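*Asks:* give me a model of this one.
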Amino acid sequence: MKIIIAGIHTGIGKTICSAILAEALGYDYWKPIQAGDLENSDSIFVKNHIYNTNCIIHPEAYRLSLAASPHWAAQHDGVIIKKENIIIPETKNGLIIETAGGVMSPLGDDFLNLDLISYFNLPVILVSNNYLGSINHTLLTVAALQHQNIQILGIVFSGEEVKQSQDYIIQYTKLKHLFSIPKFDSVDTLSLTNFAKTVSPQLQQIIH
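*Replies:* Numbers count the residues shown, from 1 in each chain. Predicted structure coming up:
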């Protein structure tokens, strides 16, 4: 199975979630667009934080030097991001595909992450985070995905738990709550892989 990891915002835990899923499901990992931090990219993070020896880290379609919105980073590098150049890697394994930024983050003129998700036509796991305003951001993101008839497999909450916010989001959206990622004391391989073991059985039942 191929699954897109989308987020309500940038920096809310998509990469940690992707690493956990790659470990728990034994899947490959691919981030089509990396903007900035090329020496310590999200692909490198996933590679260094899982034990799954079957996981292939597929190279990015676009590697942009500026840590900024992908459309701006592409302009900075004199590049135009085109969906036709973002080709899903061939693999006999399952694949985790991590988007760059939030669902409505621009990749180019009239080209959003949402458009890329629609183009791939694959199911989504949505990552949310608990901060002031996250209910609004989560509901808007869900509405945008549903408006495009994109399948949402479920939602993952990342970071410090705010039960009232999470309960409201689940009640309102009717999404399946897959799991919550705790605020780890240390984000290291052992912590992530041990956590992945705890969620693997339920994920294996939901995701085939």
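*Asks:* so residue 116 makes contact with residue 6?
*Replies:* No. Using CB atoms under 8 Å, residue 116 is not in contact with residue 6; the gap is 9.9 Å. C-betas here are computed from N, CA, C, even on glycine.
*Asks:* between these two, which contacts overlap?
*Replies:* Each of residue 99 lies in contact with both residue 116 and residue 6 under the rule CB atoms under 8 Å, 6 or more residues apart in numbering.
*Asks:* got the buried residues for stretch 8-22?
*Replies:* 8-9, 12-22 (16 or more other CB atoms under 10 Å).
*Asks:* let me fix that, I meant to ask about stretch 111-121.
*Replies:* 111, 112, 113, 114, 115, 116, 117, 120.
*Asks:* I'd like to know which of the residues you listed are part of helices.
*Replies:* Counting by DSSP state H, the part of those found in helices is 113, 114, 115, 116, 117, 120.
*Asks:* now the second one. Nearest residue, chain neighbours left out?
*Replies:* It refers to residue 114. Nearest-residue entry for residue 114: residue 103, 5.2 Å, with adjacent residues in sequence omitted and distances by CB to CB, 6 or more residues apart in numbering.
*Asks:* ok, back up a step: export the buried residues of stretch 8-22 as a markdown table, with columns for pLDDT.
*Replies:* Compiled in a markdown table, these are given as follows (pLDDT from 0 to 100):
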| residue | pLDDT |
| --- | --- |
| 8 | 96 |
| 9 | 92 |
| 12 | 91 |
| 13 | 94 |
| 14 | 97 |
| 15 | 97 |
| 16 | 97 |
| 17 | 97 |
| 18 | 98 |
| 19 | 97 |
| 20 | 97 |
| 21 | 97 |
| 22 | 97 |
